[in-house]
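Undergrad: Can you look at this prediction? I've put the sequence above it.
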Amino acid sequence: MVPLIAWLISLIQSSPYSFELNQLMESPRGILFSLQIIFSAIAALLLLLLHLKHYGRSLAQTHNQNHYKSVMGFNSLRARHWLVYLLIGIGLAIVVSFTIVVLKETGSGSYVAQLVSNNRSFYQTILLLLAVVVAAPIFEECLFRGYTQSFLIQNGVPNWLSIGISSMLWVFIHGQYQWSELSLLFMFGLSLGAIRLYSNNLWAVIALHSSFNLTVLFLVLDRIG
């Protein structure tokens, strides 16, 4: 039940309908949009971690194993591996952004372009970076690649089906994007799920997701001037 509530919070905070998203993004209320993402992510993440504290041991592979590491994948990551995943995120962001340009969906009316253009002051930019580059990737990866994907795999669901389901659920909370962008996000989600599975490390996909979001923001900022 608690993971479901966390997922619903993530769905509501990113919905283009529930909180008049366009109005929240408009300056000077763009600050409210960033704060909404940050506090929604914190609240949902706390609920998820509280759930794991009380029930996570039953999901762990052994009772002697740290269930935060076993279920979520909070294993240590070497410095060079951090760099590798950050660079992968940058590379994927460039590929995705170029693909969207080819599809002609990066006009001034696009979601990301509106997000950047309505948060141009120093404080708005800092809050936007905290929301999009820190809060959102950490919470989303904890819920979808950390908890959901691991829960499905450890309950007998085939690996790639688990990755597909968690990626689809992740795409559902990004309803503000157009269909072609959602298809690219789904493929990105599959990539994150595969890396989470084979690296057995949640920090890897958090680093990749964060660098991806940061790169997309800079590319859009450069494009709209």
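TA: Looks like it arrived, so ask away.

Undergrad: got the buried residues for the longest helix anywhere in the chain?
TA: In the chain, with assignment by DSSP state H, the single longest helix is helix 30-55. Buried residues in helix 30-55, defined by neighbour count with 16 or more other C-beta atoms under 10 Å: 30-31, 33-38, 40-41, 44-45, 47-49, 51-52. Yep, even glycine has a C-beta here, placed from its N, CA and C like the rest.

Undergrad: what pLDDT, on average, does that helix get?
TA: Averaging pLDDT along helix 30-55 yields 80.

Undergrad: Give me the helices and strands touching it, please.
TA: In terms of contacts (3 or more C-beta pairs under 8 Å, 6 or more residues apart in numbering; DSSP states H and E), helix 30-55 is packed against helix 2-14, helix 21-25, helix 122-129, helix 136-140.

Undergrad: Among these, which one carries the weakest average confidence?
TA: Among the helices and strands packed on helix 30-55, helix 21-25 has the lowest mean pLDDT, at a mean of 49.

Undergrad: For Thr148, which non-adjacent residue is closest in space?
TA: Of all residues not flanking Thr148 in the chain, Ser166 sits nearest, at 4.5 Å (C-beta to C-beta, 6 or more residues apart in numbering).

Undergrad: does the one you found count as helix, strand or coil?
TA: For Ser166, the assignment made with DSSP: H, G, I helix; E, B strand; the rest coil gives helix.

Undergrad: so Leu214 touches Val134, yeah?
TA: No: the pair Leu214 / Val134 is not scored as a contact, 9.6 Å apart, by C-beta atoms under 8 Å.
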